[in-house]
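>>> build the 3D model from these lines:
(2 chains)
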Amino acid sequence: MSRVILTNLVRFVMLVLLQVFLLKNITLYNLATPYLYILFVLLLPFETPNILLFALSFILGLTIDAFYDTPGLHAAACTLLALVRVLFISITVQKDGFDNEPEPTLSIMGFRWFFTYALILTLFHHFFLFNLEVFRLSEIDYTLVRFLLSTVFTVFLMLVSGLLFFRKKERK
Amino acid sequence: MRNLLIFITKYNAFFLFLIFEIASLVIYIKYNSFQKASVINSTNQLTGGLYTRADELKGYLSLREVNDRLARENAALRNQLKASKYVDTVARKTVVDTVYKQQYIYIAAKVINNSINKRNNYLTIDRGSRDGIEKGMGVISADGVVGKVAFVGEHLAIIQSLLHKDSRVSGMLAYNKEIGYLQWGDDMDPHKALLVDVSNNAQPKIGEPVVTSDLSLFPAGIPLGKVSKLKAKGAGFFLNMEITLAVDFSKLEYVDVVVNKFAKEQAALEGQEKKDE
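Numbers count the residues shown, from 1 in each chain, chains lettered A, B, ... in the order given. Presented below is the predicted three-dimensional model:
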């Protein structure tokens, strides 16, 4: 149990630092901006109680907001992300299987499931985030392009990181 | 009552979602008017400290470029020195000495956090209320206009950059003297902006400089950019044109905050006028 908490704590800090000091400066053609930090919410164990899941997502969002100077923006998007996660998992995963599948990672759940999971959650998060930030219907076409390309970028980074940590998990 | 509790526990995810979503939206909307929620931004101790540390490291990488820019600025300033000018009459010197008094004071500051790839971009600088910075002051760099102060902490301040959907600066075509205002285009290119609502009488040329006008909160004549395209979309009865910005926001290192000594007096007078109407 303490091992799980420690892993997630380290993951939280690493992802926030990575997002704030590296990915914040990366934009492709003013269009694609990766928000890899939501990987933390995606990789929380299946057994996480809902209240903890929502609280953690909210705190993660506020932490990113503090660095991005946009209080509430990422927190709102992350809260939505947590809801979508709960719905998606309740639809696709059998409750009985939790004992031997502790975390929804790429190495445990397989490529097809993880890809769908990451794609759908990222789509919801990014759509909400970009539209709340711009908050103008007159720029909707440009916002949609940014949203789609950013989603592709983020999911790509998620798969890369999933493959990077692939073997380590399997050996355990 | 029991049924209600059962209902809530069964759909707890949805209710938790509602609670946290409303909380974050309230924070978001509050902060948008820059009134409260001052804790969660980059002027607080932890995030500000981390950014300052990271910026110290980054500073080494661009030393050469900063050095070049400072040398250029030095040269430009030296050209303005009295010593480097030729005085043709005695009278002119005395006039200059007695008539002109300082209206603008500049406070130098270092940029410790910067972004250019969002719809609304802000910068954080390492000077705050302790150093005499107040909300609403203009911010310029050696190359031109940067933005205005949006939020002041004790040691740090946040600048609303020109690259923001609500930023408007009154600008003027340098040769035509026609006035319009500058805003950031919605295609989010950090090197381009639009000069809109220019009178149809103007005959701008490509490459013509655009500077701040007397109507802005900056001293008149600070460079904004150069005209790069004459016909921009959205023009109605007025001319719109595309401007290449003078400042490269991605390489911003040092800025100057402009303190206008008459700003308070002007604001008070204009407030009085509104009250009278």
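
>>> which residue lies nearest the spatial centre of chain A?
Closest residue to the average C-alpha location of chain A: A:Ile38 at 2.3 Å, with Cα atoms, centre = their mean.

>>> list the contacts for that one?
Neighbour list for A:Ile38: A:Leu60, A:Cys78, A:Leu81, A:Leu121, A:Thr122, A:His125, A:Thr154 [criterion: Cβ atoms under 8 Å, 6 or more residues apart in numbering or on different chains]. Where you see a C-beta, it was placed from the backbone N, CA and C, and this is true even at glycine.

>>> okay, the residues you listed in CSV with distance to B:Gln80, neighbour count and pLDDT next?
What follows is the contacts of A:Ile38, written out as CSV (distance: Cβ to Cβ, whole Å; neighbours: other Cβ atoms under 10 Å in any protein chain shown; pLDDT from 0 to 100):
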residue, distance to B:Gln80, neighbour count, pLDDT
A:Leu60, 52, 24, 92
A:Cys78, 52, 31, 91
A:Leu81, 55, 25, 91
A:Leu121, 58, 23, 92
A:Thr122, 54, 25, 93
A:His125, 53, 27, 92
A:Thr154, 50, 26, 92
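
>>> chain B: which of these is nearest?
Checking the contacts of A:Ile38 against chain B with Cβ to the nearest Cβ, the nearest one is A:Cys78 at 8.1 Å.

>>> pull the contacting residues for that closest one.
Here A:Cys78 is in contact with A:Ile38, A:Val41, A:Ser57, A:Phe58, A:Leu60, A:Gly61, A:Ile64, A:His125 (Cβ under 8 Å, 6+ apart).

>>> want to try CSV for these, with secondary structure as columns?
Formatted as CSV, the contacts of A:Cys78 follow (DSSP: H, G, I helix; E, B strand; the rest coil):
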residue, secondary structure
A:Ile38, helix
A:Val41, helix
A:Ser57, helix
A:Phe58, helix
A:Leu60, helix
A:Gly61, helix
A:Ile64, helix
A:His125, helix
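
>>> show me the shaky parts of the stretch 51-200 of chain B.
Where the stretch 51-200 of chain B drops to pLDDT under 70, the residues are B:79, B:81-102.

>>> helices of chain B, start to end?
B:2-10, B:12-32, B:45-61, B:63-80, B:90-99, B:263-276 (DSSP state H).

>>> B:Met172: which of the ones you listed is closest?
helix B:263-276 (18.8 Å; Cβ to Cβ).

>>> what's the most buried one of the helices of chain B?
Comparing the helices of chain B by mean neighbour count (mean count of other Cβ atoms under 10 Å in any protein chain shown), helix B:12-32 comes out on top with a mean of 17.

>>> which strand residues bridge B:Phe151?
B:Ile158 (DSSP bridges).

>>> what number of residues lie near it?
20 (other Cβ atoms under 10 Å in any protein chain shown).

>>> what of B:Pro209?
17.

>>> verify the stated contact: it with B:Gly221.
No - B:Pro209 is beyond contact range of B:Gly221, at 9.7 Å (criterion: Cβ atoms under 8 Å).
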